[in-house]
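Visitor: sequence and predicted structure, then a few things I'm wondering about:
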Amino acid sequence: MRSAALLSLVSVGACTGVIAAGDEGGGAPGGVPVSPTSPAANSTGPAATLPPGAAPAATLPGAPAACKTAQVGPAPLRRLTRDEYNNTIRDLLGDTSSPGNRFPSEDVREGFANDVAGQSVSQLLVENLQQAAEEVAARANLASVAGCTPASAAAEDGCLQQLIQRLGKRAFRRPVKSDETAALTAVFRMARADLDFAGAAQTVIAAILQSPQFLYRIENTAAAPVAGLVPLGGYEMASRLSYTFWGTMPDDALFAAADAGQLVTREQVAQQARRLVASPRAQPVLASFYAQWLGINNIRTVSKDKKTYPEFTPALGDAMLAETQAFASWVQWEGDGKLQSLLTAPVAFVNTPLAKIYGLADPGSATAPKRVTVDPAQRSGILSLPGMMSVLATTMQSDPIRRGKFVRVQLLCQALPPPPPDVMAQPPELRAGATTRQRYQDHSANPACHPCHNLIDPIGFGFESYDGIGRFRTVENGGLPIDNLGELAGSRDADGTFRGAPELGKRLAASAEVGDCVARQWFRYASGRMDTAADACTLQTLGSAFAASGRDLRELLIAATQTDGFRFRPAM
């Protein structure tokens with residue numbers, strides 16, 4: 001590969017992308033370098049008239065109280081995550097080698113790993129992207145990608161242009177512009193001086209795969225602001241939909257809808273969203289959301305004391321992860337899809353290792369989990385799954401702090417203050433003759449600890465029926481009786497005492513605050529960023545729609561696409 005020549009024409013700079021403001025996407029390779037968060041990356045242009053059904057919700061009669069002015073949060077330039085890169089390479093070129101797995105891992109921010117817009121691009125990642133592009137290009141079936149094979153030198157230019165237009169449109173997720181065509185043609189000419197047609201064409205493919213137009217989800221359609229908001233173009237909407245629900249580039253149906261100008265109104269967007277959500281291709285993305293939101297991916301790195309929990313083996317950890325994924329998938333796709341079921345359904349998915357933790361008969365499967373009904377007085381919903389309880393515990397004991405914090409942060413979306421800098425964030429030591437509850441109550445009596453622990457420990461005490469690997473128990477520490485009385489305070493509508501996780505699950509399932517928080521968590525994941533004050537209207541609209549659906553998790557996905565925050569970006 002002519003790497004130096006290639007990169008001189010198609011920049012993939014460490015912290016910048018080569019982007020020129022224009023119609024329906026980024027500029028040509030060799031354009032003006034701008035920061036991914038620069039206003040130039042989201043500039044506006046000539047006026048455009050919105051058809052009926054395309055106006056911002058905030059401008060319509062009956063808009064929520066938070067929507068007195070049309071406003072949406074930032075729309076940062078989003079780089080493809082490792083998973084999105086793998087999926088896009090697969091769907092673009094049929095390459096299933098998952099080259100993105102070799103890239104540096106994304107940072108986890110507020111529980112999610114897809115907030116990459118503000119993360120700098122290291123030199124290592126740049127080198128990884130170049131290597132992956134060249135390797136993928138070398139494996140590409142040129143005749144299939146270009147749709148032609150030149151029989152003579154005279155036919156090369158026509159085949160080259162067909163390659164650029166066919167591959168470029170799908171790689172850039174919108175039609176290739178004339179200056180981009182010229183730049184990619186120049187890449188081919190330079191490479192063709194030393195290589196045959198196939199080799200030079202592979203250089204063009206590698207150039208496309210290293211361009212910011214491929215690596216970033218660029219949104220800079222030229223359109224006049226409407227009430228201060230800029231509507232997304234059709235190809236941009238196609239990409240938002242496809243990456244939100246499938247984690248990959250648009251399919252032929254989305255491209256066709258964008259070509260025909262049929263991704264403008266709410267109804268058009270909802271129709272495509274329902275099609276995508278109904279496809280099995282949406283399941284991995286939703287599984288990733290649940291795993292990150294619930295923190296269950298951390299089971300892969302959980303460590304348990306071998307003397308205290310000899311049963312905790314890698315096979316058991318795998319079983320716990322598989323169960324949590326299977327439970328969320330069952331609620332989302334096979335059950336009624338309701339938040340209430342996620343929090344209260346007395347269902348477990350067990351294999352041989354996990355059945356022992358539940359105290360159930362061996363289901364006869366060493367790996368694949370099987371659905372069983374469990375005692376609802378002991379377990380119901382995600383809050384009592386052994387995998388969740390294992391993650392929210394220490395190496396040697398249960399942990400009311402982590403369990404209470406999970407409820408506050410992940411289910412109520414409440415922010416907790418950090419511990420004072422002079423306080424060691426250590427759980428109280430085990431000691432004979434004392435229950436976990438007694439030791440943590442002594443710990444939180446410390447004036448420096450009390451303000452924060454008073455918010456989380458009383459919730460966590462309600463989980464004391466589960467040990468550090470999620471086994472149900474009635475006694476601990478040599479026969480001391482378990483007290484699983486918990487208390488939630490400081491919520492909008494869920495305050496009160498409860499006995500055990502099943503009662504807490506029912507209380508949370510009836511809470512409007514929890515419903516709003518779940519909607520907020522999906523917004524954060526789908527947007528790839530934390531919400532801001534400017535998202536108040538979008539979040540209130542989304543929360544209201546979720547409540548009106550009976551807190552149907554499937555309808556939440558569709559409702560998110562109808563918000564101003566999904567369909568518009570702020571005017572710069």
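Guide: All right, it came through fine.

Visitor: which parts of stretch 116-134 are buried?
Guide: Within stretch 116-134, the residues that count as buried by 16 or more other Cβ atoms under 10 Å are 116-117, 121, 125, 128-130, 132-134. Quick note: C-beta positions are derived from backbone N, CA and C, even for glycine.

Visitor: rank these by pLDDT and give me only the lowest.
Guide: Ranked by pLDDT, these bottom out at Ala117 (75).

Visitor: relative to Leu77, how far out is that residue?
Guide: 6 Å (Cβ to Cβ, to the nearest Å).

Visitor: all the helices of the stretch 401-550 of the chain, in order from the start?
Guide: 436-444, 450-460, 500-509, 512-527, 536-548 (DSSP state H, counting those that start in this stretch).

Visitor: which positions in the last one come out as buried?
Guide: Using 16+ other Cβ under 10 Å as the burial criterion, the residues of helix 536-548 that qualify are 536-546.

Visitor: let me have these in TSV, adding distance to Asn220 as columns.
Guide: As requested, these are exported to TSV (distance: Cβ to Cβ, whole Å):
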residue	distance to Asn220
Ala536	25
Cys537	23
Thr538	21
Leu539	25
Gln540	28
Thr541	25
Leu542	25
Gly543	30
Ser544	31
Ala545	29
Phe546	31
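
Visitor: closest one of these to Ser527?
Guide: Closest approach between the buried residues of helix 536-548 and Ser527, by Cβ to Cβ: Thr538, at 9.1 Å.

Visitor: correct me, but that closest one touches Asp564?
Guide: Yes - when contacts are counted by Cβ atoms under 8 Å, Thr538 is listed as touching Asp564 (5.6 Å).

Visitor: shared neighbours of the two, anything?
Guide: Val72 (Cβ atoms under 8 Å, 6 or more residues apart in numbering).

Visitor: where does pLDDT dip in this structure?
Guide: 1-52, 422-425, 443-451 (pLDDT under 70).

Visitor: residue boundaries of the strands in it?
Guide: 17-18, 33-34, 78-79, 216-217, 229-231, 347-350, 370-373, 475-476, 480-481, 485-488, 496-499, 568-570 (DSSP state E).

Visitor: gap between the last one and the chain center?
Guide: Relative to the chain's own centre, strand 568-570 is displaced by 20 Å; criterion: Cα atoms, centre = their mean, to the nearest Å.

Visitor: partners of it in the sheet?
Guide: If you go by DSSP bridges, strand 568-570 pairs up with strand 229-231 (antiparallel).

Visitor: can you check the third one too?
Guide: Using DSSP bridges, the strands paired with strand 78-79 in its sheet are strand 216-217 (antiparallel).

Visitor: thinking again about what came up before, just the buried residues of stretch 116-134 now: which is nearest Ala287?
Guide: Val116 (19.4 Å).

Visitor: where's the spatially closest residue to Arg499 that is not a sequence neighbour relative to Trp333, distance?
Guide: Spatially, and ignoring its direct neighbours in sequence, Arg499 is nearest to Leu485 (5.5 Å; Cβ to Cβ, 6 or more residues apart in numbering). Relative to Trp333, Leu485 is positioned 36 Å away (criterion: Cβ to Cβ).

Visitor: related to what we said a few turns ago, report how many residues lie close to the residue nearest to Arg499.
Guide: 15 (other Cβ atoms under 10 Å).

Visitor: that one touches Thr497, doesn't it?
Guide: Yes - with contacts counted by Cβ under 8 Å, Leu485 reaches Thr497, the gap being 6.3 Å.

Visitor: just the residues contacting stretch 502-517, thanks.
Guide: So stretch 502-517 is contacted by 339-340, 343-344, 346, 376-381, 383-384, 407, 410-413, 459, 462, 486, 488, 491-494, 496, 498, 539, 543, 546-547, 551 (Cβ under 8 Å, 6+ apart).

Visitor: repeat the analysis, applying 7 Å as the threshold.
Guide: The contact list for stretch 502-517, computed with Cβ atoms under 7 Å, 6 or more residues apart in numbering, reads 339-340, 343-344, 376-377, 379-381, 383-384, 411-413, 462, 486, 488, 491-494, 496, 498, 543, 546-547, 551.

Visitor: just the buried subset of those, please.
Guide: For the contacts of stretch 502-517, buried by 16+ other Cβ under 10 Å: 339-340, 343-344, 376, 379-381, 383-384, 411-413, 462, 486, 488, 491, 494, 498, 543, 546, 551.

Visitor: ok, Pro458 - contacts?
Guide: 486-487.

Visitor: rewinding a little: between the buried residues of stretch 116-134, which is nearest Asp305?
Guide: Val116 (35.7 Å).

Visitor: got the contact list for the closest one?
Guide: Val116 touches 78-79, 81, 106, 528, counting by Cβ under 7 Å, 6+ apart.

Visitor: switch those over to CSV; also include neighbour count and distance to Leu263.
Guide: As requested, the contacts of Val116 are exported to CSV (neighbours: other Cβ atoms under 10 Å; distance: Cβ to Cβ, whole Å):
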residue, neighbour count, distance to Leu263
Arg78, 23, 18
Arg79, 21, 23
Thr81, 21, 23
Glu106, 16, 28
Gly528, 22, 20
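
Visitor: between which two of the residues you listed is the distance greatest?
Guide: Largest separation among the contacts of Val116 by Cβ to Cβ: Arg78 and Glu106, giving 11.5 Å.

Visitor: returning to that earlier point: mind putting the helices of the stretch 401-550 of the chain in CSV, distance to Leu392 included?
Guide: Listed next are the helices of the stretch 401-550 of the chain as CSV, based on distance: least, Cβ to Cβ, whole Å:
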stretch, distance to Leu392
helix 436-444, 13
helix 450-460, 8
helix 500-509, 11
helix 512-527, 17
helix 536-548, 25
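
Visitor: tell me which of those sits nearest to Ile357.
Guide: helix 500-509 (15.2 Å).

Visitor: so that closest one versus helix 450-460, what angle?
Guide: 110 degrees (axes from the mean of the first three to the mean of the last three Cα atoms, to 10 degrees).

Visitor: hey, C-alpha coordinates of helix 500-509 in PDB?
Guide: Presented in PDB, the C-alpha positions along helix 500-509 are these (Å, rounded to 0.1, in the frame of the first residue of the first chain):
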ATOM      1  CA  GLY A 500     -36.400  -7.500  50.500                       C
ATOM      2  CA  ALA A 501     -35.700  -6.900  46.900                       C
ATOM      3  CA  PRO A 502     -39.000  -8.200  45.600                       C
ATOM      4  CA  GLU A 503     -40.900  -5.500  47.500                       C
ATOM      5  CA  LEU A 504     -38.500  -2.900  46.400                       C
ATOM      6  CA  GLY A 505     -38.900  -4.000  42.800                       C
ATOM      7  CA  LYS A 506     -42.700  -3.500  43.000                       C
ATOM      8  CA  ARG A 507     -42.200   0.000  44.600                       C
ATOM      9  CA  LEU A 508     -39.800   1.000  41.900                       C
ATOM     10  CA  ALA A 509     -41.900  -0.400  39.100                       C
END
